[in-house]
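[1] can you look at this prediction? I've put the sequence above it.
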Amino acid sequence: MLRVNSIAVVVAAFATGGAVAADIEIFPGDSFRDAVQGLNPGDTLIVHEGTYAHTNRISITVQGSATDPVVITGAEGEARPVIQLIQSGHNTMEISGATYLTIRGLEITAPGMPGADGINMNGGPAHITLEDNVIHDIAVGINFRSSMHHIVARRNEIYDTRGTGEGFYIGCHSGSCSVTDSIIEQNYIHHTLNSDQGDGIEIKLNSHSNIVRDNVIHDTHYPCILLYGTGGGDRNVVERNVMWNCGDSGIQVAADTVFRNNLILASTDNGITSQSHNGVSPNNLEFVHNTIVGGSTCLRFQGWGNKTGMVFANNAVYCAGSSYSIGSLDGVVITGNVFEAAPPSSIPASGYAVGRSKAQDFVNPDNRNVYPSLDSPLIGGGDGAHAVADDFNGSGRSGAIDVGAYDWVGAANPGWQVTEDFKDAPVRP
């Protein structure tokens, strides 16, 4: 093993074109900044436990490839190394135009540093994977600040944000950039309450063809999930997420999204809000097989009438005592839903059945267990024309079409019990 500037290097392989790919190890006292900014295609940087404080901008620009990817990882079997910004004026870490890069197993923080994001991606990066990181005491957790594609953010915990304070900020507010073909999955985002905004996951105008799935989001200042519209690109898909104690709304969306198999649980604010936002009018929206429990305004749908591709089907809506704000639904497909109590007359009676109460129709809703009870009217009450292939647990649906996010297969929920932690879900392609 060689030591170069106190950094341990093991030559691992020869990359395409004769460049040497190396396994590099750093320890507390070494410069994390110098190590990551000196990486070459094919390198793996192993960061040992301890704190790596820095004062200058860290910009990772390495151009990996499908055959020579680059990995930055915490050392196996050790506590996460802490990457800490200790001087204001910078982000904690930036990925600037890098490609085929994985960052995993780090703790990223900037306590007392205003405006410092955890990870800020810019300059058109592609094929980036961010997984198993803990990001806290920062401004935005993971900030997608330019056009980019094929980004995977998986099993990251983000909390205690400030400033605008989004967990994920994806794209540009004006639509001047576009994030595409990316996956945000199995993350745990919570307690953004000290921020000015603090959405859990926000996908901006013109970002499209993205998947948001299997995330746990709670105690946010603004909506847990917020989307604008794709600007003519393929729809975004939001599926199998759970959220509660969301500020303003559980989900807010203007257009171009498929929502399926989500749990939107108790909140003092709106359950689902869908109306014009940032110049985007409702269009091309499907809400299918979701379970909505609570919300001071349960559903807020405005501007839906006589629009293209609008569907509200097979949803369980349990908000007895809550108000609704529903405009015209002319031309909207509404079918197979179950409401805890009869909704406003703007929702056609042919589109729903009336349930009993959340206490009767779910196993233990006060403990966030909204799996259908043994004799729940949700069982078999859906419309097969709008059934989806799986349920909140990721299990295939079979037999009669059940309403809401769960497919009923027996008296007890066979899957993960909702709790303040990561969702137990398999990694999917």
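    Right, received. Where do you want to start?

[2] switch to C-alpha atoms for all contacts and neighbour counts from now on
    Fine.

[3] stretch 360-379: end-to-end distance?
    Length of stretch 360-379, first residue to last, C-alpha to C-alpha, to the nearest Å: 13 Å.

[4] in that stretch, which residues are buried?
    Residues of stretch 360-379 classed as buried under the neighbour-count rule (16 or more other C-alpha atoms under 10 Å) are 360-363, 365, 368-374, 376-379.

[5] chain center to it, what's the gap?
    In terms of C-alpha atoms, centre = their mean, to the nearest Å, the centre of stretch 360-379 is set 26 Å apart from its chain centre.

[6] of the buried residues of stretch 360-379, which is the nearest to residue 244?
    When the buried residues of stretch 360-379 are compared for distance to residue 244 (C-alpha to C-alpha), residue 368 wins out at 9.2 Å.

[7] tell me if residue 258 really is in a helix.
    No. Counting by DSSP: H, G, I helix; E, B strand; the rest coil, residue 258 falls outside a helix, being strand.

[8] the longest helix in this protein is where?
    Counting residues, the longest helix found in the chain (DSSP state H) is helix 32-37.

[9] so what pLDDT did residue 17 get?
    Reading off the confidence values, residue 17 has pLDDT 49.

[10] tell me who's in contact with residue 75.
    Contact analysis of residue 75 by C-alpha atoms under 8 Å, 6 or more residues apart in numbering lists 46, 47, 48, 49, 105.

[11] again but with residue 351, I slipped
    Contacts for residue 351 (C-alpha under 8 Å, 6+ apart) come out as 313, 334, 335, 336, 337.

[12] residue 268 too?
    Residue 268 makes contact with 245, 246, 247, 294, 295, 296, according to C-alpha under 8 Å, 6+ apart.

[13] hmm, which of the residues you listed are the buried ones?
    With burial judged by 16+ other C-alpha under 10 Å, the buried subset of the contacts of residue 268 is 245, 246, 247, 294, 295, 296.

[14] where's the third one relative to residue 262, distance?
    Note on residue 247: its distance to residue 262, by C-alpha to C-alpha, is 17 Å.

[15] now do the last one
    In this structure, residue 296 lies at 19 Å from residue 262, with C-alpha to C-alpha as the measure.

[16] and for the fourth one?
    Using C-alpha to C-alpha, one gets 14 Å for the distance from residue 294 to residue 262.

[17] same question, the fifth one
    Relative to residue 262, residue 295 is positioned 15 Å away (C-alpha to C-alpha).

[18] just to revisit the earlier point, let's see which of the buried residues of stretch 360-379 end up in strands.
    362, 363, 369, 370, 371, 372 (DSSP state E).

[19] out of those, who's nearest residue 113?
    Closest to residue 113 out of these is residue 369 (39.0 Å), distances taken as C-alpha to C-alpha.
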